[in-house]
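Colleague: Everything below, folded, please.
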Amino acid sequence: MLEGVRALLIDLDGVLYVEEEPIAGAEQALERLRACGLGLRFVTNTTAYSRDRTLAKLARLGLPVASGELITPAALAVRHCLERGYRRVALIMNEEVKRDFAELHEAENDCQAVVIGDLGAAFGYDVLNHAFRQVMDGAELIALQKNRYWLRADGLSLDVGPFVAAIEFATGREAYVVGKPARAFFTEVLADLGVSCSAAAMVGDDIESDIGGALAAGLLGILVRTGKYREDRVRDSGIQPTVVIGSIADIPVLLGC
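Modeller: A predicted model of the protein is given here:
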């Protein structure tokens with residue numbers, strides 16, 4: 001049993017559901033965690049869907065989450081741009097997610113920042129080359145997330161990370177990553193909750209972005225064996241989770257709820 005945990009950051013895809021299928025016992029687990037009085041934040045690296053669509057999906061799957069409980073990379077990217085005075089940005093992502101950037105002005109040229117999210121099959125030479133040129137001209141490279149891969153219904157698939165890495169390699173510049181595993185991601189979320197990192201735990205299926213990032217930021221890291229969990233990947237990562245459990249359904253017992 002883990003003691004002293006006052007808040008949980010819970011990943012979505014692979015932890016609460018896989019595409020359109022909720023993880024068995026997820027709804028009941030959330031009910032028990034809420035009854036325990038734990039601070040909950042649902043933190044996702046997904047950049048394929050808008051915030052509103054993500055909330056609607058959670059509700060449709062029987063996993064109601066309040067708007068204020070959902071933390072997305074897009075919201076943090078907008079905050080980062082506004083803090084630095086960026087108004088003209090290139091948005092490398094699908095049209096739906098662009099709606100979350102309404103406070104900024106999308107521009108093709110003379111950009112102050114290039115923000116990269118998910119484009120799926122639309123990623124290609126022309127898209128990456130245009131982003132490369134903007135960064136070479138002085139725009140800051142901002143990655144909504146940098147995951148290597150994710151689990152679709154038809155199997156493991158490339159995520160945003162490999163495309164961000166291509167531009168980093170070509171330009172020699174490191175991207176500012178707003179999603180997991182960036183330390184600022186965890187500290188900002190917990191600051192809003194009023195909970196210290198040492199009193200919080202991250203629940204995720206990604207050994208690097210979820211668990212590695214959380215541990216580096218001072219949180220506990222709870223790895224679930226659902227979603228894209230792969231035993232060999234965990235072993236080869238060199239990252240030691242605080243605990244490994246079967247699924248989100250095991251969390252209440254682990255925390256004594």
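Colleague: pretty sure F132 is in contact with F169, am I right?
Modeller: No. In this structure, F132 is not within contact of F169 by C-beta atoms under 8 Å, at 9.9 Å. C-beta: built from backbone N, CA, C; applies to glycine.
Colleague: neighbour count winner among the two?
Modeller: Counted by other C-beta atoms under 10 Å, F132 and F169 do not tie: F132 has more neighbours, with 18 against 10.
Colleague: Name the secondary structure element that contains the more buried one.
Modeller: Per DSSP states H and E, F132 falls inside helix 125-136.
Colleague: would you put the C-alpha positions of that helix in CSV?
Modeller: The C-alpha trace of helix 125-136 is given here as CSV (Å, rounded to 0.1, in the frame of the first residue of the first chain):
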residue,chain,number,x,y,z
TYR,A,125,8.3,16.0,-46.4
ASP,A,126,6.7,19.3,-47.3
VAL,A,127,5.1,19.7,-43.9
LEU,A,128,8.3,19.0,-42.0
ASN,A,129,10.5,21.0,-44.4
HIS,A,130,8.3,24.1,-44.0
ALA,A,131,8.6,23.7,-40.2
PHE,A,132,12.3,23.2,-40.5
ARG,A,133,12.7,26.5,-42.4
GLN,A,134,10.6,28.4,-39.9
VAL,A,135,12.8,27.2,-37.0
MET,A,136,16.0,28.0,-39.0
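Colleague: What sits closest to the residue nearest in space to the middle of the chain if chain neighbours are left out?
Modeller: Centroid-nearest residue in the chain: N45, 2.0 Å away (criterion: C-alpha atoms, centre = their mean). Among residues not flanking N45 along the chain, Q145 sits closest, at 3.9 Å (C-beta to C-beta, 6 or more residues apart in numbering).
Colleague: List the residues that are in contact with both of F132 and F169.
Modeller: Counting by C-beta atoms under 8 Å, 6 or more residues apart in numbering, F132 and F169 have no common neighbour.
Colleague: Domain-wise, how is the chain divided?
Modeller: Using automatic domain parsing, the domain parsing of the chain gives 7-45+180-254, 80-177.
Colleague: Of those, flag the one that's most buried.
Modeller: domain 7-45+180-254 (a mean of 19; mean count of other C-beta atoms under 10 Å).
Colleague: Quick one: the helices in the stretch 51-200 of the chain, in order.
Modeller: For the stretch 51-200 of the chain, the helices defined by DSSP state H, counting those that start in this stretch cover 51-60, 73-83, 95-98, 125-136, 161-171, 183-193.
Colleague: how about the ones you listed in TSV, adding distance to E208 and mean pLDDT?
Modeller: Shown next, in TSV, are these (distance: least, C-beta to C-beta, whole Å; pLDDT from 0 to 100):
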stretch	distance to E208	mean pLDDT
helix 51-60	22	93
helix 73-83	16	92
helix 95-98	23	91
helix 125-136	23	96
helix 161-171	9	96
helix 183-193	13	91
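Colleague: quick revisit: can you list the residues that contact the helix holding F132?
Modeller: Applying C-beta under 8 Å, 6+ apart, the contact partners of helix 125-136 are 90, 92, 108-109, 111, 114, 116, 119, 141, 163, 166-167, 170-171, 173.
Colleague: quick one, that helix and helix 161-171 angle?
Modeller: 50 degrees (axes from the mean of the first three to the mean of the last three C-alpha atoms, to 10 degrees).
Colleague: Summarise which helices and strands the helix or strand in which E31 is found is packed against.
Modeller: Using DSSP H and E, E31 sits in helix 26-35. With contacts taken as 3 or more C-beta pairs under 8 Å, 6 or more residues apart in numbering; DSSP states H and E, helix 26-35 sits against strand 39-43, helix 251-254.
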